[in-house]
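1. Kindly generate the corresponding structure for this input.
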Amino acid sequence: MILKGRSIVYGDVEGYAVKCEHPVVILGDIDEREGTACGKPIYGKIFVFPRGAGSTVGSYTLYGLRFYGKAPLALILEEAETIVAAGAIISKIPTVDKIDISKIREGDYIRIRGDTVEIISEHPHS
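-> Down below sits the predicted model:
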């Protein structure tokens, strides 16, 4: 399945999806030193969530993921509001928004190329 969105930070990556169903409070739901979000490991994964919530410090939390070597491969969102967009840009994390994330399940194997998200294989337990 191919989904078209808007590229915030260009990327050409592929990996497994880790998904949060609710808006992510960047400062509270992400542990930049551990590389986790919503209690799940996102390091080396494609992190899927509806949108960010919280203060301007959230941009630096995303940068902290890169600084500590714990960044996700990419971000896929329904809406990348200013905080997430700025954090993705300064952290150089490939980011695509305007995606219907209901089509993506935890564990799906995904390829991102620019503004295109392709679900290569669905998680077998979905």
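
2. Mind listing what's buried along the one helix or strand in the chain whose mean pLDDT sits lowest?
-> When the helices and strands of the chain are compared on mean pLDDT, DSSP states H and E, helix 26-29 comes out lowest with a mean of 88. Of the residues in helix 26-29, those with enough neighbours to count as buried (16 or more other C-beta atoms under 10 Å) are 26-27, 29. (Each C-beta comes from the backbone N, C-alpha and C, glycine too.)

3. what's around the nearest residue to R51 once chain neighbours are set aside, how many residues?
-> Across the structure, with C-beta to C-beta, 6 or more residues apart in numbering as the measure, the residue nearest R51 apart from its sequence neighbours is E79 (4.5 Å). Other residues near E79 come to 14 when the count uses other C-beta atoms under 10 Å.

4. and the least confident helix or strand of the chain, what does it pack onto?
-> Secondary structure elements in contact with helix 26-29, counted by 3 or more C-beta pairs under 8 Å, 6 or more residues apart in numbering; DSSP states H and E, are helix 57-67, helix 82-91.

5. Of all those helices, which one is nearest E14?
-> Closest of the helices and strands packed on helix 26-29 to E14 is helix 82-91, at 17.7 Å (criterion: C-beta to C-beta).

6. Please work out which residues outside the closest one touch it.
-> The contact list for helix 82-91 (C-beta atoms under 8 Å, 6 or more residues apart in numbering) reads 8-9, 26, 51-52, 54-56, 58-63, 65-66, 71, 75, 77, 80, 93-95, 97.
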